[in-house]
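> What would the 3D arrangement of this be:
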Amino acid sequence: MVPPGDNMERDVCAACGFVDYKNPKIVVGSVVAWEGKILLCKRAIEPRKGYWTLPAGYLELHETAEDGAAREAREEACADIEIERLLAVYSIPRISQVQLMFRAKLVRPDIAPGPESEAVALYDWEEIPWPDLAFPSVGWGLRHYRETKDRSDFPPFSNPADGL
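This is a model prediction of the structure:
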């Protein structure tokens, strides 16, 4: 039913009137650099197990986006990172996600696979396994990072118009 004052169909409890709002998930992650190389994690879980991704995952309750991105880097790559700035905000309506991607740097090059990663590696740009990236937004983040790596001031990116 459409609750009073709303304009969308919602699940509403017939007994008490509680409206069950279903909202998108927020994903936080980072393009992490160390001496010109980019940190990538090979996924040990579905979806896209065995494919490479940026350290990223769901934002937790009571957590800032920056803290969540740093936590994801620790969980997936045992990496201690320093967030530099927001790189992009990607909207993925097909899976009801909003992704906040940051530009970050490793504090030190000590990395190791966490429980959600089969492997982690630092890649030179020319070595990035482009055909084996897990999600389109990983490629977007990498390209947007490359566009801004020598800049300190830029507006955050959004989904590329061409989807590539």
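> Do a quick rundown of the helices in the protein.
65-77, 136-148 (DSSP state H).
> and the ones you listed as a markdown table, adding distance to C13 and mean neighbour count?
In short, each C-beta sits where N, CA and C put it, glycine included. Output for these, formatted as a markdown table (distance: least, Cβ to Cβ, whole Å; neighbours: other Cβ atoms under 10 Å):
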| stretch | distance to C13 | mean neighbour count |
| --- | --- | --- |
| helix 65-77 | 31 | 21 |
| helix 136-148 | 36 | 19 |
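> For E46, which of those is the nearest?
Between E46 and the helices of the chain, the shortest gap by Cβ to Cβ is with helix 65-77, which sits at 14.8 Å.
> Enumerate every residue touching G114.
C41, R74, E75, E76, A77, C78 (Cβ atoms under 8 Å, 6 or more residues apart in numbering).
> For those residues, name the two members farthest from one another.
By the measure Cβ to Cβ, C41 and R74 form the most distant pair in the contacts of G114, at 11.7 Å.
> tell me the contacts of the most centrally placed residue in the chain?
The residue lying closest to the centre of the chain (Cα atoms, centre = their mean) is G29, at 3.5 Å. Contacts here follow Cβ under 8 Å, 6+ apart; on that basis G29 touches L54, P55, A56, G57, A69, E72, Q99, L100, M101, F102, G141.
> residues in contact with the nearest residue to the fourth one once chain neighbours are set aside?
With Cβ to Cβ, 6 or more residues apart in numbering as the measure, E72 is the residue that lies nearest to G57, at 4.5 Å, once sequence neighbours are left out. Contacts of E72 were listed using Cβ under 8 Å, 6+ apart, and they are V28, G29, S30, P55, A56, G57.
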